[in-house]
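Asker: Can you look at this prediction? I've put the sequence above it.
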Amino acid sequence: MYKKIIGICTVLGVLSLTGCGSAGNAEMTTIEVEKDGSLTSTIVEDFEKEYYDAEDLKEYTLDIVAAYNAAEEGRKVSVSKVEVKDGVVKLLMKYPNAADYTGFNGKEFFCGTVAEAYDNGIDLDVTLVDAIDHANKVGKSEILQMGEKKLVVLEEDVAVQVPGKILYISEGTELIEGKSVIAHPGDGRTYIIYK
């Protein structure tokens, strides 16, 4: 479904998915993980041409969210804001959990504990670097020992904000501050372990 939103934005000529900050105040495209496991996604892009119609974008987005929610009972994806200000569009969406984010967007997104990731078959045979000291690396056996630590795994090139201090990240991931990174998974995945 998210691909359809991207399609609409592309038709409007506005979306290239580059872009960080806290939800609602984001200056870049950002996914914020809440303590309860819900997600807030803020897409931020240029929207400068006069012939682009923010109202059409809002209406289309609301329609596809309604269709997604109606397809299966219990889905509660919502659109919190679609606004155009100073030539920039902000589209703020809320997801009750990572599974709905994945289902709606067609991109893998996991958030839970390391133990839950292992139980769900997520590949933990990776090497991660300390968020501060990139020379300090951990592999699968050390990651598995962090069973109750929180883990985010994603496939998108976006900023991610988590509700705790980031401990380990995939190589190539940029730490913005203690709780935020910019993920650059390329053709793979980005891993973020936090407490």
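Answerer: Yep, that arrived.
Asker: what's the helix or strand for the spatially most central residue of the chain?
Answerer: Among the residues of the chain, residue 31 comes closest to the average C-alpha position under CA atoms, centre = their mean, at 3.5 Å. For residue 31, the host element (DSSP states H and E) is strand 30-33.
Asker: starting at the chain centroid, how far to that strand?
Answerer: 5 Å (CA atoms, centre = their mean, to the nearest Å).
Asker: same for it, what does it pack against?
Answerer: Based on contacts counted as 3 or more CB pairs under 8 Å, 6 or more residues apart in numbering; DSSP states H and E, the elements that strand 30-33 packs against are strand 39-46, strand 159-161. Placement of C-beta: from N, CA and C, glycine included.
Asker: Any idea which of those strands gets closest to residue 182?
Answerer: Checking these against residue 182 by CB to CB gives strand 159-161 as the closest, at 5.0 Å.
Asker: Output the contacting helices and strands for that closest one.
Answerer: Using 3+ CB pairs under 8 Å, 6+ apart, strand 159-161 is in contact with strand 30-33, strand 180-182.
Asker: can you give me the helices for the protein?
Answerer: Counting by DSSP state H, the chain forms helices over residues 2-12, 54-71, 98-105, 114-119, 140-144, given from the N-terminal end onward.
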